[in-house]
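J.: kindly return the folded structure for what I paste below:
(one chain, ligands or ions: 1)
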Amino acid sequence: MSVLPSTEVLLLGPGPSPVSPRVGAALGAPARSHLDPEFMAILDDARARLARVFRAPAGAIASAVSGTGTSGMETVVANLTETGMCVLVVVTGYFGERLAQMFERYGAAVERLRVQWGRAVDPAAVAYAMRDGQFDIVGWVHVETSTGVVNPLAEIAAIAHEHNALCVVDAVTSLGAMPFDAAASGIDAAYSCSQKGLGAPSGLAPVMFAPSALARRVRCRSFYFDLDLLESYWIGRKYHHTMSAPLLFALDAALCETEEEGLDARWQRHERHHLKFAAGLAARGWSLLPEPAARAWSLNAVRVPEGADEAAVRRRLLAEHRIEIGAGLGPLAGQIWRVGLMGAGSTEANVTAVLTALDEVTR
Ligand SMILES: Cc1ncc(COP(=O)(O)O)c(C=O)c1O
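T.: Here you go, the predicted model:
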């Protein structure tokens, strides 16, 4: 007999974030098949909601790919990249590097604009990197989850468009949590995940292709992530793969909650609780890695204070307080904790709970 977890853990790491009772209940709704009319109506509803949550331009395609955030990344890359294309990827941390590698796997010649971990990219550096290159695509991560940094959107997109390059943005740790407006910022294609700012379980990856990107799609080398085939399922109702009903129901419930709250109000909630957490850290003499202007509201990269045992603190938070936070990745391993306040997890009570628990385990 399998033994399921029987106690709650407060998920305040880099994702997944906690799900609300309504989203949790949607997971247990009666089963439907992936071509059932009721299922398809919910898929239509989720697609329309995703277009609004991405603030996609008219004529865009927005939907959810079966898989985690990385599958969204692969869908966007696989449908826009051909062998020999030149791609500029801004690498401000671990996930920028993953995006660069994804483009390389699809045959692109990738130039990396490397930025010190913990800093946001300066748009002037993008302009400089593009000064005499011919780039087909510029890719970057909006909120770099490995460093807690938010990178600019509109400023980079304007530079890329001056050079006729498409803009591909990773919105995995920003969608539903930080201001993201594809139409206003000029983002041509973007991808995200279900398990962070939107507050659903992991397993579906929102994607958005603006008409500008749809006009430049290529023959997709992946069967699973082929936008033509996916559209013939999402819109044409033709079998392509067996999409998970519980995951779709949960994502749709999370999108309903997001829209009922209002996107702007939701962003403000994330900002409020991030600022409260940052103020609580400052009162303890602790600090966040990024400069104030570059701090994401969804993911807080906390510098491990002198004398604290990074791994032991995380272990005790989990064992004694049932709170999960994340460790640093790559060069930041051992140096930061990553505290996510996202989706249903972005509450005043959770800010107090994690600060109080940190006090106890670092005493
Ligand atoms: C910015 C960013 N991009 C991509 C990913 C990959 O998403 P997933 O782990 O859902 O595949 C993550 C995961 O945390 C992320 O934070």
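
J.: name the nearest residue to whichever residue of the stretch 151-300 of the chain sits closest to the ligand, ignoring sequence neighbours.
T.: Among the residues of the stretch 151-300 of the chain, residue 172 lies closest to the ligand, at 3.6 Å counting by CB to the nearest ligand atom. Glycine gets a C-beta too; all of them are placed from N, C-alpha and C. For residue 172, ignoring the flanking residues on the chain, the nearest one in space by CB to CB, 6 or more residues apart in numbering is residue 69 at 4.2 Å.

J.: distance check, that neighbour against residue 86.
T.: 25 Å (CB to CB, to the nearest Å).

J.: go on, residue 105?
T.: According to CB to CB, residue 105 and residue 86 sit 16 Å apart.

J.: again, but for residue 22
T.: Noted for residue 22: a distance of 46 Å to residue 86, by CB to CB.

J.: over to residue 95?
T.: Residue 95 sits 21 Å away from residue 86, taking CB to CB as the criterion.

J.: verify the stated contact: residue 155 with residue 122.
T.: No - Residue 155 is beyond contact range of residue 122, at 9.2 Å (criterion: CB atoms under 8 Å).

J.: settle it for me: which of residue 69 and residue 86 has more neighbours?
T.: residue 69 (27 against 15; other CB atoms under 10 Å).

J.: residues contacting the closest residue to residue 310 other than its chain neighbours?
T.: Of all residues not flanking residue 310 in the chain, residue 304 sits nearest, at 4.7 Å (CB to CB, 6+ apart). For residue 304, the contact set (CB atoms under 8 Å, 6 or more residues apart in numbering) comprises 310, 313, 334, 335, 336, 337.

J.: can you check the pLDDT for residue 304?
T.: For residue 304, the pLDDT comes out at 98.

J.: before we move on, the earlier item: next, format the contacts of residue 304 as a markdown table and append distance to residue 296.
T.: A markdown table is the format used below for the contacts of residue 304 (distance: CB to CB, whole Å):
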| residue | distance to residue 296 |
| --- | --- |
| 310 | 20 |
| 313 | 21 |
| 334 | 21 |
| 335 | 17 |
| 336 | 13 |
| 337 | 14 |
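
J.: and those as JSON lines, adding distance to the ligand, neighbour count and pLDDT?
T.: What follows is these, written out as JSON lines (distance: CB to the nearest ligand atom, whole Å; neighbours: other CB atoms under 10 Å; pLDDT from 0 to 100):
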{"residue": "310", "distance to the ligand": "19", "neighbour count": "16", "pLDDT": "97"}
{"residue": "313", "distance to the ligand": "21", "neighbour count": "18", "pLDDT": "98"}
{"residue": "334", "distance to the ligand": "19", "neighbour count": "11", "pLDDT": "97"}
{"residue": "335", "distance to the ligand": "18", "neighbour count": "16", "pLDDT": "98"}
{"residue": "336", "distance to the ligand": "14", "neighbour count": "24", "pLDDT": "98"}
{"residue": "337", "distance to the ligand": "15", "neighbour count": "24", "pLDDT": "98"}
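
J.: may I ask which two of the residues you listed are separated the most?
T.: 313 and 335 (12.7 Å; CB to CB).

J.: which SS class is the nearest residue to residue 129 once chain neighbours are set aside?
T.: Leaving aside its chain neighbours, residue 129 sits nearest to residue 113 (4.7 Å; criterion: CB to CB, 6+ apart). State at residue 113, reduced to three classes by DSSP: H, G, I helix; E, B strand; the rest coil: strand.
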